[in-house]
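Novice: 3D model of this:
(2 chains)
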Amino acid sequence: MSFRQPSILPGFGLTFGFTTFFLGAVVLLPLTALVVRTAMTDWHHVWDVVSSARALASYRLSFGASLLAASINAVFGFIIAWTLVRYDFPGRKIIDALIDMPFALPTAVSGIALTAVFAQNGWFGKYLEPFGIKVAYTWIGIVIALTLIGLPFVVRSVQPALAEVQRDLEDAAETLGAGRFYVFLRIILPTVLPSLATGFTMAFARAVGEYGSVIFIAGNLPLKTEITPLLIVIRLEEFDYGGAAALGFVMLLISFVMLLTINLLQAWGRRRLVGDRR
Amino acid sequence: MSITLDQVTKRYQGSPVVNDVSLNVRDGEFYVLLGPSGSGKSTLLRSIAGLTGVDHGRISLHGRDVTHVSARDRGVGLVFQNYALFRHMSVADNIEFALRVRRMKAADRRERRKELLRLVALEGMDDRLPTQLSGGQQQRVAVARALAHKPEVLLLDEPFGALDAKIREELRRTIRQVQRELGITTVLVTHDQEEAFALADRIGVMNLGRLLESDKPDELYARPATRFVATFLGAANLLLARQTSEGIRFGTTPVNARAVERVETGREHEVVAVLRPEEVELAPTREQLQAGYLAQGQVEEIVFTGAIERMRVRLQSGAEEAQLAGPAGESGAALIEVTRTQPEQRAFPLSPGQPVFIGVRRIHVLPTPLSSFSAFAADEADAKKLSQHQLLAGLASGMKTRVSVRVDTTLDIIRAPGTKPDLAGVAVIAAGPDSARHVQVLLQRGAGEVLVLPEAIVAPKRILIHWVDETPRRATLAVSASLLRHVPAEAVYVGILPEGTSEAARPQGVRTLLDARSEAQASHGLEMRTELRVGEAVEELAGQLAESPEQLLILGVSNVEVLTERFSRLLTASPGWPILVVYRTT
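Specialist: Numbering: from 1, shown residues only, chains lettered A, B, ... in the order given. Have a look, this model is predicted:
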């Protein structure tokens, strides 16, 4: 690979420099600081913090709830995107605009709103109460909060891909004798899957890092409904900077491994779906 | 019959995109549906495939009524303009798609695939992805895929649209070859007449949702029945001429009978003549013309196109009245198009500005009874306004004919019968309290058709057809067919039995109705629905017209008195409907 690339647009050197500088200053530097800060801390202390029962429970909750929320979003986000792309109905534009609301709303506001709705005496929560379903201050509430903030990622990444699936393809498949489900499975899904996976990944990554909305609805009981980001804040408030950095480092590590796994799965899935090679 | 369409109609937001199309495609036939974009040809093809439902009519494939059968179960193969290949699948998977759906064994699938790839000359391309193929190759894959499940009918929707000229011709040959080899009944949709000529056993020309004509390519080219087909298939000069008992006359110039095909004598009237550019002969003097003399002219412009030379020649003297039918055809400014071969060019080289003598080798007279329009009114402003009436202007531009303005202050004066007819084409008057009288005057002065236009401009969606007695039946049908080719509306023939018709006489009425329908179909290719009513004719018609303002009535009469006595209230109604009176006495 050469750094001399003929191009219609000049300025490769300049833009490349910019790119490295920006990535370095904005992304890489803070991450490095995190690692360095962790490394500078006493190793025993780091180990105690990251392997405490409270920390382990928070990892499970954070990543488990995020995964669940992203999965829920993948299914329902797809359906919403499908409805918006394929059908024209009164109010379509409004619904389309509503999708982006979770982006714009301060996350604390959505957290408080959700709590108001789902608390035991809330609008909706009071009807669930007789059935013994508690949403607020349990892991269910956390999943709902994470679903809310992750939804636009899935809808917005699937929408353009779905719009691009030509009707002709479905028509062709139909004249060739394929039923609706077969057309969906064999024609539509494979075309949309990469975008769906992207949307899933983004929703997941966003959910892992979410803080504002969750702390209001979670109840924050140690070992039960305490997410890792909250634990980090608690450590900070105790002026245990080393411990906080260590927890952050662990989150970074797990996120990286999971995102990598999803990407690899995606690549493998693409081959599978294309294939059936003899 | 492989494909039978019976009065297929498909409406979109109330107006028909496919309008009463009936068609038979024979076993193994290569049928091409030709028409401009928006003519409804693709919708019709999708209806045959089952991807678009129809609102009315029946579709049968090989004798099986499939009107309500889904595309999945129709057993047709469809090829799209944009190939519609499954991009995430290899060529092999694309072709085997239909076989996989049918759970065919892998070995059988492979065998069928090899056979198909050989057929479309793509052997060894099995593992390629569609994106790795050229456009022509992709379309071959699409053809192979459409044929995989051995469909009974192959449908192609503008399959060459996205390809460049060379590839197009190559693929065209392949498709024709494959079609012959398999003997599969094929319908291809295109807007390209050259493509239609090259491929078709028969061509059906569509416009405004109607199937105008359907015949062998050479027949259609030589003897079109409609203006649209005449001008859409190749270039054509449309000239207004006068049909007399001796033959055809352009202004004062009678044209050599040898050049004229199918001369029907009878009532003297205006006709539309088709003159193909290659049937025009140019010579330096009248004596040197080998074909019949038409007029003198002057070369206006010459375009060299390789094999032939295209030019426009302005008519000057000899046929002043042979105005070109067309928007540009202001009298005296008539241009005709001429093409000449290389030998012709060498024998008589021409340059712009040069005077020439024009001869015609062959003229075809269209059987249409609607030649041109004359807007009548008592003063010039009213006549002008009438001639620009949107419905009339739309008709005239669709029919490529002209609307002349006639100022006439004698519309109220009933003259003694027997005066020499001095009217050409359809007379048009504005609706008003006197319109019944005006119609009477115009008919007595020799008009064959009078159109009464109310001021309100409403595009008719339904055209009612009725004749008072049997005498004007043929003419009324011919006029209706001609008009309906230019109006996207549905035709309904209203048969009316007099009040008190006995039960025993009713079947007779129904038979008349069906006879009218089959005559319209057989002689004019006009599909119409029929309705039988019992009662007083004018009451029944008024009742039906009252249903909606978006209607037009074509009324056939043989007696002026009967018209004015019985139907004047329709003609003078306010706001009223457009009414076209067709008058024939014999």
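
Novice: Strands of the stretch 351-500 of chain B, start to end?
Specialist: Taking DSSP state E, counting those that start in this stretch to define them, one finds strands in the stretch 351-500 of chain B at B:355-360, B:363-365, B:373-377, B:403-407, B:426-430, B:449-453, B:462-467, B:490-497.

Novice: where does chain B have low pLDDT?
Specialist: B:256-267, B:317-333, B:415-422 (pLDDT under 70).

Novice: In terms of residue numbering, what are the domains of it?
Specialist: Domain segmentation of chain B under automatic domain parsing yields B:3-228, B:236-365, B:373-583.

Novice: for these, which one sits closest to chain A?
Specialist: Proximity to chain A (CB to the nearest CB) singles out domain B:3-228 among those, at 3.9 Å. Glycine gets a C-beta too; all of them are placed from N, C-alpha and C.

Novice: helix or strand for the residue nearest to residue B:440 when sequence neighbours are not counted, which one?
Specialist: Spatial nearest neighbour of residue B:440, excluding adjacent residues (CB to CB, 6 or more residues apart in numbering or on different chains): residue B:564 at 5.0 Å. If you go by DSSP states H and E, residue B:564 is part of helix B:560-571.

Novice: Figure out how far that helix is from the centre of its chain.
Specialist: 32 Å (CA atoms, centre = their mean, to the nearest Å).

Novice: Please identify which helix or strand holds the nearest residue to residue A:46 once chain neighbours are set aside.
Specialist: Leaving aside its sequence neighbours, residue A:46 sits nearest to residue A:246 (CB to CB, 6+ apart; 4.4 Å). Assigning secondary structure by DSSP H and E places residue A:246 in helix A:241-274.

Novice: Dump the domains of chain B to CSV, plus distance to residue A:209.
Specialist: Converted to CSV, these look like this (distance: least, CB to CB, whole Å):
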stretch, distance to residue A:209
domain B:3-228, 33
domain B:236-365, 69
domain B:373-583, 60
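
Novice: Mind putting those domains into CSV with distance to residue A:229 and mean neighbour count?
Specialist: Below are the domains of chain B laid out as CSV (distance: least, CB to CB, whole Å; neighbours: other CB atoms under 10 Å in any protein chain shown):
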stretch, distance to residue A:229, mean neighbour count
domain B:3-228, 39, 19
domain B:236-365, 75, 18
domain B:373-583, 65, 18
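
Novice: For the residue nearest to residue A:46, the count of nearby residues, please.
Specialist: Residue A:246 has 27 neighbouring residues, counting by other CB atoms under 10 Å in any protein chain shown.

Novice: That one contacts residue A:51, doesn't it?
Specialist: No. Checked against CB atoms under 8 Å, the pair residue A:246 and residue A:51 is beyond contact range at 10.0 Å.

Novice: Any idea what residue B:491 is bridged to?
Specialist: Following DSSP bridges, residue B:491 is listed with bridge partners residue B:463.

Novice: Contacts only, for it.
Specialist: Neighbouring residues of residue B:491 by CB atoms under 8 Å, 6 or more residues apart in numbering or on different chains: B:20, B:462, B:463, B:465, B:480, B:484, B:520, B:526, B:527, B:528, B:529.

Novice: make it 10 Å
Specialist: B:19-20, B:210, B:462-465, B:480-481, B:483-484, B:517, B:520, B:526-530, B:552, B:554 (CB atoms under 10 Å, 6 or more residues apart in numbering or on different chains).

Novice: Filter these down to the ones in helices?
Specialist: B:480, B:481, B:483, B:484, B:517, B:520 (DSSP state H).

Novice: Without its sequence neighbours, what residue ends up closest to the fourth one?
Specialist: With sequence-adjacent residues excluded and distances taken as CB to CB, 6+ apart, residue B:484 is closest to residue B:491, at 5.4 Å.

Novice: How about the third one?
Specialist: Here the nearest residue to residue B:483 in space, its sequence neighbours aside, is residue B:370; by CB to CB, 6+ apart that works out to 6.5 Å.

Novice: and the one you found, how many residues sit next to it?
Specialist: 26.

Novice: Check the gap between it and chain A for me.
Specialist: 40 Å (CB to the nearest CB, to the nearest Å).
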